[in-house]
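> turn this into a model:
(one chain, ligands or ions: 1)
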Amino acid sequence: MKKYDVVVIGGGSAGLAAALEVRKNGVESILLLERDSELGGILLQCIHNGFGLKVFKEELTGPEYAERFKEELLEKNIDYKIESMVTEITKDKIVHYANAQEGFVKVQAKAIIITTGCYERNAGAISIPGSRPAGVLTAGTAQKYLNIDGYLVGKKVFILGSGDIGLIMARRMTLEGAEVLGVAEILPFSGGLQRNIVQCLEDYDIPLYLSHTVTNIIGEDNIEKIVVQQVDNFVPVPGTEMEFEVDALLLSVGLIPENGISEAAGIKLHPRTKGPIVNESYQTNIEGIFACGNALHVHDLVDFVTTESRKAGIACAKYVNGKYVKETSRVNTIAENGISYIVPQSISPLNMDKSIELFMRVTNVFKNVDFVIKVDGKEVRRLKKKHLAPAEMEKVILTEKEVESANESISIEVEERK
Ligand SMILES: Cc1cc2nc3c(=O)[nH]c(=O)nc-3n(C[C@H](O)[C@H](O)[C@H](O)COP(=O)(O)OP(=O)(O)OC[C@H]3O[C@@H](n4cnc5c(N)ncnc54)[C@H](O)[C@@H]3O)c2cc1C
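So this is what the prediction gives:
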């Protein structure tokens, strides 16, 4: 069986950044496996600009952003295989993959980095009453059809869910000549970034129906009509029905980290993030298996994916080079009131730098509140927050001193400003 120091699974922005960082930190033997026919991942279908503002201080399109990393990967002669699907990984770090040239192959790795991205919740995941005609598809699928294959999936379109992909597709379909009749969001606030609401809906006069959902899909072979209704606490309000004649319904109702192979290997997933539970080094519960990017938790900005994956790459190289200190004590990070989750879920003080960044999402929209940081239940610091929304990932930096002073846990919660 062929041996590698590090096998990276997935060639999106996370996999590319992680593989490069592993190499820059002295590891020669690396293999990156990507199931698609090109490296770049989801970035390849995101032809709008807005990528790279933090990492490159430039506004790039998705493919341009990916290209910078692909060029560096080639320069550094990192081995990669495309059209190679990883089907299984084991606790002993054997990676099984398949491709047309080699058939089924097993390779032995010293360490593995999981960067398999995420998938979209589809019509089967949300129960919409009505028939099941053609023309109901996820916003990401519609984006791929349009931006990569050149097909416009409809001319009269409605979008269910106000996640970023749906908002971006509302603008994109409008620019291609389709009429976007509206976006319905079951929650009282949008699931997308504020900048996307302004630039993709308001600038094109596309109505956003908050606290509304689709309650019926009508059509024989193809979708013909949908019924949109207001909801009160998720229950449709009688008498508020609106009918829209459509030929496509796009769903933008959430992304889920893709972790089939991780789960099968015995990697523990977090109930909220649906990604692996990791420590400060992005290491999962299986020693030598790391995770980052959208496979770990859903990110809205690629720059955050790159930064996180670089750190995972550095930690993985440290592990391979025998410099990772085996955890002797750990501090758990706990999401309290108003916080949905925190990544990483634990910190081993021996492996952290002078500070550590925690990433989190809040459970609701909050205005003029504080983030309260507690060490072992005792308040140590407050951070003022003007506006918080579940769509926007938040970051808190903990100092080495704060982590070292903790015996068991560091918690964060949202509290009304005193
Ligand atoms: C529609 C959309 C619009 C966005 N717009 C913006 C924006 O405007 N600005 C911004 O900064 N960010 C944006 N983002 C966010 C950002 O682009 C993503 O968060 C980031 O690119 C995710 O990178 P990733 O590598 O984690 O995942 P992906 O890019 O999804 O890469 C995962 C890769 O793993 C591969 N893979 C999965 N399973 C296997 C397997 N078993 N074997 C082999 N390969 C496998 C996949 O084929 C894929 O190539 C957007 C995201 C989306 C979805």
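> for stretch 169-186, measure first residue to last.
Stretch 169-186 has an end-to-end distance of 18 Å (CA to CA, to the nearest Å).
> strands of the stretch 101-250 of the chain, start to end?
Shown for the stretch 101-250 of the chain, the strands assigned by DSSP state E, counting those that start in this stretch span residues 103-114, 118-120, 136-138, 156-160, 179-185, 208-210, 212-218, 225-232, 235-236, 242-245, 248-251.
> how about the residues of the stretch 151-300 of the chain near the ligand?
Taking CB under 6 Å from any ligand atom as the test, the list of the stretch 151-300 of the chain residues beside the ligand reads 164, 165, 168, 258, 261, 293, 294, 295, 299. No exception for glycine: its C-beta is placed from N, CA and C like everyone else's.
> how about the residues you listed, which pair is most distant?
When those are compared pair by pair using CB to CB, the farthest-apart members prove to be 168 and 261, with a separation of 28.7 Å.
> and the nearest residue to residue 278 once chain neighbours are set aside, how many neighbours?
The spatial neighbour of residue 278 that comes closest, neighbours along the chain excluded (CB to CB, 6 or more residues apart in numbering), is residue 344 at 4.9 Å. Number of residues near residue 344 (other CB atoms under 10 Å) recorded here: 23.
> how about the one 3 residues further on?
Taking other CB under 10 Å as the neighbour definition, residue 347 ends up with a count of 25.
> name the nearest residue to residue 252, sequence neighbours excluded.
residue 166 (2.5 Å).
> residue contacts, the one you found?
With contact taken as CB atoms under 8 Å, 6 or more residues apart in numbering, residue 166 is in contact with 139, 159, 160, 183, 192, 250, 251, 252.
> what about it, distance to residue 182?
Spatial separation of residue 166 from residue 182 under the definition CB to CB, to the nearest Å is 11 Å.
> identify the contacts common to these two.
When contacts are counted by CB under 8 Å, 6+ apart, residue 166 and residue 182 are jointly contacted by residue 159.
> quick one on the thing from earlier: and the residue nearest to residue 252, how close does it get to residue 382?
In this structure, residue 166 lies at 35 Å from residue 382, with CB to CB as the measure.
> same deal with residue 261?
In this structure, residue 261 and residue 382 are 41 Å apart, going by CB to CB.
> ok, so of the residues of the stretch 151-300 of the chain next to the ligand, who is nearest the ligand?
Using CB to the nearest ligand atom, residue 293 is the member of those that sits closest to the ligand, with 2.6 Å.
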